[in-house]
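Asker: Okay, sequence plus prediction incoming.
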Amino acid sequence: MNNIGENYALRPFGVDTPSTQDAQGNPDLGKDAFLKLMMTQMANQDPTAPQDSQEMASQLAQFSTLEVMQQTNEKLDALLMAQAAGNQTSMANLIGKDIKINSSELNHLQGEAENMSILLEGPAKEVTVTIKNEAGVPVRTLHLGTQGKGSFDVEWDGLDDDGNPAPEGLYSFSVGAVDENDEKVEASANIVAHVDGMSFENGFPELLCGDLRIALENVLEILEATS
């Protein structure tokens, strides 16, 4: 028979040997835990070699700074959420209204006229607006003649160059302008669209104007619906 002292380690009955897996604590040291640890350390310090007070003060300052930053972040998150909710409410109030937007796309409904707004950076002797279908094929060219510097409205009657109603769908348009010396005049274009609803499908609010999706920052004017 073997003796216990020769081949076996003597352990109390029912007590397991601690392992590295058992010795796991909370990896995050919060302010309260740090203060308790510091007070315990001070209470058990060697009177002949006390802790460095400057180092402890520095550590306390770091914890205080981190706490202020955390509170600031929480307040900023709350402010951003409130701002987002306010933006959503504001956009919901646009449903049913007409808006002027910075866009060169048209959501055309067959038989209806489309309104565009042109802005010229200088006077022009000839201004043309070319309207293309979704495939990029020109369907109508509007010759607007001489125009002065500034903005003016243009209406497309919804017909192609042959006088036939253009099919329903998405269209784009471009503006060309030249001055008396046949030099290019810078021009930009906007459209007026009717707001049918809102969408959050892409992770942020967008206004639905037919098949167009319009971000709020592209809205230039809000108008009462004409129909």
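Answerer: Done, it's in.

Asker: Excluding chain neighbours, give the residue nearest to residue 190 in space.
Answerer: residue 117 (4.4 Å; CB to CB, 6 or more residues apart in numbering). For the C-beta atoms, the positions are set from N, CA and C on the backbone; glycine is no exception.

Asker: Can you tell me how far that neighbour is from residue 93?
Answerer: 23 Å (CB to CB, to the nearest Å).

Asker: Look at these two and report which has more neighbours.
Answerer: Relative neighbour count places residue 117 above the other of residue 117 and residue 93, with 18 against 10, counting by other CB atoms under 10 Å.

Asker: and the more buried one, what element?
Answerer: According to DSSP states H and E, residue 117 maps onto strand 114-120.

Asker: what about the strands in this structure?
Answerer: 98-101, 105-108, 114-120, 124-132, 138-147, 150-156, 169-178, 187-194, 197-199, 206-209, 212-214, 219-223 (DSSP state E).

Asker: Out of the ones you listed, the one nearest residue 162 is which?
Answerer: The closest of these to residue 162 is strand 138-147. By CB to CB, the value is 9.2 Å.

Asker: Which other helices and strands does the closest one contact?
Answerer: strand 114-120, strand 124-132, strand 150-156 (3 or more CB pairs under 8 Å, 6 or more residues apart in numbering; DSSP states H and E).

Asker: again, 7 Å this time
Answerer: strand 124-132, strand 150-156 (3 or more CB pairs under 7 Å, 6 or more residues apart in numbering; DSSP states H and E).

Asker: Partner strands of it, with direction?
Answerer: Each strand paired with strand 138-147, and its direction, by DSSP bridges: strand 124-132 (antiparallel).

Asker: could I get the strand it pairs with in PDB with only the CA atoms?
Answerer: Extracted in PDB, the C-alpha atoms of strand 124-132 (Å, rounded to 0.1, in the frame of the first residue of the first chain):
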ATOM      1  CA  ALA A 124     -26.800  85.000 -72.300                       C
ATOM      2  CA  LYS A 125     -27.800  85.400 -75.900                       C
ATOM      3  CA  GLU A 126     -29.000  81.800 -76.200                       C
ATOM      4  CA  VAL A 127     -30.100  79.300 -73.600                       C
ATOM      5  CA  THR A 128     -31.200  75.800 -74.300                       C
ATOM      6  CA  VAL A 129     -32.500  73.000 -72.000                       C
ATOM      7  CA  THR A 130     -32.100  69.400 -73.200                       C
ATOM      8  CA  ILE A 131     -34.400  66.800 -71.600                       C
ATOM      9  CA  LYS A 132     -33.300  63.200 -71.700                       C
END
